[in-house]
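Asks: heads up, no residue letters with this:
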(Lines give C-alpha, C1' and ligand atoms only; values in the text may rest on other atoms or scores of the structure.)
Protein backbone atom coordinates (compact mmCIF):
# COMPACT_ATOMS: atom_id res chain seq x y z
CA UNK A 1 0.00 0.00 0.00
CA UNK A 2 1.24 3.44 -0.94
CA UNK A 3 0.92 6.37 1.46
CA UNK A 4 -0.19 9.64 -0.15
CA UNK A 5 -0.32 13.04 1.57
CA UNK A 6 -2.19 15.96 0.04
CA UNK A 7 -1.04 19.24 1.53
CA UNK A 8 -2.63 22.69 1.41
CA UNK A 9 -2.59 25.83 3.53
CA UNK A 10 -5.58 25.19 5.80
CA UNK A 11 -6.69 21.67 4.85
CA UNK A 12 -10.18 22.96 4.23
CA UNK A 13 -10.94 22.90 0.47
CA UNK A 14 -8.46 21.87 -2.22
CA UNK A 15 -6.66 19.23 -0.19
CA UNK A 16 -9.97 17.82 1.05
CA UNK A 17 -11.34 17.58 -2.49
CA UNK A 18 -8.14 15.89 -3.70
CA UNK A 19 -8.22 13.57 -0.68
CA UNK A 20 -11.76 12.54 -1.62
CA UNK A 21 -10.88 11.85 -5.23
CA UNK A 22 -7.66 9.99 -4.45
CA UNK A 23 -9.34 7.85 -1.79
CA UNK A 24 -12.08 6.87 -4.24
CA UNK A 25 -9.61 6.17 -7.07
CA UNK A 26 -7.12 4.11 -5.04
CA UNK A 27 -9.29 1.82 -2.91
CA UNK A 28 -7.12 -1.09 -1.76
CA UNK A 29 -3.99 0.45 -3.27
CA UNK A 30 -3.22 3.48 -1.11
CA UNK A 31 -3.76 5.19 2.21
CA UNK A 32 -4.66 8.81 1.57
CA UNK A 33 -4.09 11.59 4.09
CA UNK A 34 -4.58 15.33 3.85
CA UNK A 35 -3.19 18.10 5.98
CA UNK A 36 -2.43 21.78 6.11
CA UNK A 37 0.35 23.96 7.38
CA UNK A 38 -2.54 25.41 9.42
CA UNK A 39 -5.99 24.00 10.17
CA UNK A 40 -9.11 25.89 9.12
CA UNK A 41 -11.76 23.19 9.38
CA UNK A 42 -13.35 21.45 6.41
CA UNK A 43 -15.18 23.94 4.22
CA UNK A 44 -18.90 23.00 4.00
CA UNK A 45 -18.96 23.95 0.31
CA UNK A 46 -16.13 21.49 -0.39
CA UNK A 47 -18.22 18.81 1.29
CA UNK A 48 -21.41 19.69 -0.62
CA UNK A 49 -19.55 20.03 -3.93
CA UNK A 50 -18.12 16.54 -3.58
CA UNK A 51 -21.48 15.15 -2.43
CA UNK A 52 -22.97 16.37 -5.73
CA UNK A 53 -20.86 13.75 -7.54
CA UNK A 54 -21.30 10.98 -4.98
CA UNK A 55 -18.10 11.35 -2.96
CA UNK A 56 -18.69 11.75 0.78
CA UNK A 57 -16.01 13.73 2.61
CA UNK A 58 -18.28 14.72 5.50
CA UNK A 59 -16.25 12.65 7.96
CA UNK A 60 -12.96 14.30 7.00
CA UNK A 61 -11.18 16.43 9.57
CA UNK A 62 -8.79 19.33 9.12
CA UNK A 63 -5.36 18.10 10.19
CA UNK A 64 -1.98 19.76 10.68
CA UNK A 65 1.08 18.41 8.89
CA UNK A 66 2.80 17.88 12.25
CA UNK A 67 0.34 15.06 12.97
CA UNK A 68 1.90 12.97 10.23
CA UNK A 69 5.63 13.31 10.85
CA UNK A 70 5.80 9.60 11.72
CA UNK A 71 4.10 8.39 8.50
CA UNK A 72 6.40 7.16 5.75
CA UNK A 73 4.87 8.82 2.68
CA UNK A 74 5.49 7.63 -0.86
CA UNK A 75 3.99 10.80 -2.36
CA UNK A 76 3.44 14.32 -1.04
CA UNK A 77 1.25 16.47 -3.27
CA UNK A 78 1.02 20.19 -2.53
CA UNK A 79 -2.07 21.78 -4.05
CA UNK A 80 -1.24 25.44 -3.45
CA UNK A 81 1.91 27.55 -3.66
CA UNK A 82 1.61 28.72 -0.05
CA UNK A 83 1.75 25.16 1.29
CA UNK A 84 4.68 24.33 -0.95
CA UNK A 85 6.61 27.32 0.38
CA UNK A 86 5.62 26.90 4.03
CA UNK A 87 5.71 23.12 4.43
CA UNK A 88 8.06 22.32 7.29
CA UNK A 89 10.85 19.95 6.51
CA UNK A 90 10.31 16.39 7.63
CA UNK A 91 12.43 13.41 6.76
CA UNK A 92 10.88 11.55 3.89
CA UNK A 93 11.92 9.91 0.67
CA UNK A 94 8.52 10.76 -0.79
CA UNK A 95 8.15 11.89 -4.35
CA UNK A 96 7.05 15.51 -4.09
CA UNK A 97 4.56 16.82 -6.64
CA UNK A 98 2.96 20.25 -6.91
CA UNK A 99 0.03 21.88 -8.65
CA UNK A 100 -1.29 25.31 -7.67
CA UNK A 101 -5.08 25.09 -7.88
CA UNK A 102 -7.18 28.24 -7.50
CA UNK A 103 -8.73 28.60 -4.04
CA UNK A 104 -12.52 28.30 -4.37
CA UNK A 105 -12.95 29.53 -0.80
CA UNK A 106 -11.90 32.98 -2.06
CA UNK A 107 -14.59 33.04 -4.75
CA UNK A 108 -16.80 36.13 -4.81
CA UNK A 109 -20.20 36.71 -6.36
CA UNK A 110 -23.65 35.27 -6.08
CA UNK A 111 -24.27 31.90 -4.49
CA UNK A 112 -24.51 30.36 -7.96
CA UNK A 113 -21.23 31.97 -9.07
CA UNK A 114 -19.44 30.74 -5.95
CA UNK A 115 -20.84 27.22 -6.42
CA UNK A 116 -19.64 27.29 -10.02
CA UNK A 117 -16.11 28.21 -8.86
CA UNK A 118 -16.13 25.21 -6.51
CA UNK A 119 -17.30 22.95 -9.34
CA UNK A 120 -14.64 24.32 -11.67
CA UNK A 121 -11.84 23.70 -9.17
CA UNK A 122 -13.31 20.27 -8.39
CA UNK A 123 -13.09 19.39 -12.10
CA UNK A 124 -9.44 20.53 -12.25
CA UNK A 125 -8.55 18.50 -9.16
CA UNK A 126 -10.40 15.45 -10.50
CA UNK A 127 -8.40 15.54 -13.74
CA UNK A 128 -5.14 15.95 -11.81
CA UNK A 129 -5.97 13.06 -9.46
CA UNK A 130 -6.93 10.74 -12.32
CA UNK A 131 -3.65 11.51 -14.08
CA UNK A 132 -1.69 11.03 -10.83
CA UNK A 133 -3.27 7.60 -10.21
CA UNK A 134 -2.69 6.52 -13.79
CA UNK A 135 0.98 7.51 -13.64
CA UNK A 136 1.99 6.57 -10.08
CA UNK A 137 -0.39 4.01 -8.58
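Replies: Nice, thanks for sending it over. Only a predicted model underlies this, so the values are computations on that prediction, with no experimental measurement involved.
Asks: ok, and residue 128, which helix or strand is that part of?
Replies: helix 111-136 (DSSP states H and E).
Asks: Quick one: name whatever helix or strand follows the one helix or strand in the chain whose mean pLDDT sits lowest.
Replies: The helix or strand of the chain with the poorest confidence is helix 81-86; it has a mean of 66 (mean pLDDT, DSSP states H and E). Note on helix 81-86: by DSSP H and E, the next helix or strand toward the C-terminus is strand 95-98.
Asks: which helices and strands does that next one pack with?
Replies: If contacts are counted by 3 or more C-beta pairs under 8 Å, 6 or more residues apart in numbering; DSSP states H and E, strand 95-98 sits against strand 75-78. Any C-beta I mention is one placed from the backbone N, CA and C, and that applies to glycine too.
Asks: In the sheet, which strands lie alongside the strand it packs on, parallel or antiparallel?
Replies: strand 2-8 (parallel), strand 95-98 (parallel) (DSSP bridges).
Asks: what sits up against that strand?
Replies: Strand 75-78 has contacts (C-beta atoms under 8 Å, 6 or more residues apart in numbering) with 2-8, 18, 84, 87, 92, 94-99, 132, 136.
Asks: what ranges of this protein fall below the confidence cut-off?
Replies: 83-91 (pLDDT under 70).
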